[in-house]
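[1] generate coordinates for the sequence data below:
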Amino acid sequence: MKNWSFAQKELKKTTNLDADIGELPLEILKSNTTTPMIKVDSDGSFEHNNIDEEKAQDTVYVMNLIKKFERENQPIVIRYKDKVLSTLYYGNSPLLNKLKYYPLALLLIIFLFGAVAYFFYRSSKIATQNKLWTGMAKETAHQIGTPLSSLVGWTEILKSENVNPDYIVEIEKDIDRLQTITERFSKIGSAPTLKTIDIVEATQSSYDYLKARSSKLINFESNIPKRIINVNLNAQLYSWTIENLVKNAIDAMKGKGHLKLELSQNDKQILINITDTGKGISKPQFNKIFEPGYTTKKRGWGLGLSLARRIIEDYHNGKIKVLSSEIGKGTTIQIMLKTV
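    Purely as a prediction, here's the structure:
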């Protein structure tokens, strides 16, 4: 553009002297076919180059364009013998505009490539971990099955002996529980079968089982309707979820406190709230506690709540979340399921 302004000066100079301009300035002036420019003469008149002819007829448009060019590039003042002949305002050529954004486009492509590579790596790692956990769960179910069969046999022998029937009833309850746990572990990694089940009865029985086998220092409270509410459930997995949430609440209270379970129906949804008076969690942890391996306890694998989320959200198309929590006062976790 400086060369172009020099050529303009030569043109003005030779025009004033009525002399031959020569070929070089003319070639320079004709060579610039991409850079938009407006040359404003000292008398206020202006000429334009590489600007749409129709738009250039609009004075307001030209003035706005001059201001825009002035922001983009420093105007070039064309002088001859300390006399200002004209001022050249110019913008960026289309090629220069493209080159300005090329590094951004390149960075975006690199970022997308990195994101895809990271996603592929993370998915592969998660898939490997899932296979490992599935294999461990099925092996655990297999290992439990062998002594469980022996326990069933010993229970039958005890029935023929002079043993208090109440003891045998309790033993059978625990054997049934072990069988349920075995079924749960054996179903990990495969899509469960959902059946229309009364969620009121399923929730109450799971809650009562834990209540009978928990510390007497915990005050268990339940607010569950007496009517039948049918939901598509897998009874074993749903019971597992309730147990995980209740046990997690008991751990948060360190075996002493108040635990409340509420079941209510809202339009086409069932809401199950489990509230404890434990240590509570901060808001940034509301989602983290459901991540595999995350735990605030010194002992444990951090799988209970992540398993509960998978059972409720992936298998039952429901929702589980931390409804509320306050440090030092307790936490409420809510399950949402659709009714039939």
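[2] phi and psi next, for Asn223.
    phi -130, psi 80 (degrees, to the nearest 10).
[3] neighbours around it, how many?
    10 (other C-beta atoms under 10 Å). To be clear about C-beta, it is placed using only N, CA and C from the backbone, and glycine gets the same treatment.
[4] and the nearest residue in space to Ser306 that is not next to it in sequence, how close does it get to Leu303?
    Distances taken as C-beta to C-beta, 6 or more residues apart in numbering place Pro292 nearest to Ser306, at 4.3 Å, with adjacent residues excluded. Distance, Pro292 to Leu303, by C-beta to C-beta, to the nearest Å: 6 Å.
[5] can you report how many residues lie near the closest residue to Glu72 other than its chain neighbours?
    Closest residue to Glu72 apart from its sequence neighbours, by C-beta to C-beta, 6+ apart: Gly91 at 5.2 Å. Counted with other C-beta under 10 Å, the neighbours of Gly91 add up to 21.
[6] all helices of the stretch 151-300 of the chain, in order?
    165-187, 199-212, 235-252 (DSSP state H, counting those that start in this stretch).
[7] so the second one versus helix 235-252, what angle?
    Okay, so that is helix 199-212. Relative orientation of helix 199-212 and helix 235-252, computed by axes from the mean of the first three to the mean of the last three C-alpha atoms, to 10 degrees: 40 degrees.
[8] which other helices and strands does helix 199-212 contact?
    Contact analysis of helix 199-212 by 3 or more C-beta pairs under 8 Å, 6 or more residues apart in numbering; DSSP states H and E lists strand 218-223, strand 230-233, helix 235-252, strand 257-266 as its packing neighbours.
[9] what about the third one, distance to the chain center?
    Going by C-alpha atoms, centre = their mean, to the nearest Å, the spacing between the C-alpha centre of helix 235-252 and its chain's C-alpha centre is 25 Å.
[10] and it, what other elements does it pack with?
    Using 3+ C-beta pairs under 8 Å, 6+ apart, helix 235-252 sits against helix 165-187, strand 195-198, helix 199-212, strand 257-266, strand 269-275, helix 304-309, strand 330-338.
[11] list the strands paired with the fifth one, with their directions.
    Note on strand 269-275: by DSSP bridges, its sheet partners are strand 257-266 (antiparallel), strand 330-338 (antiparallel).
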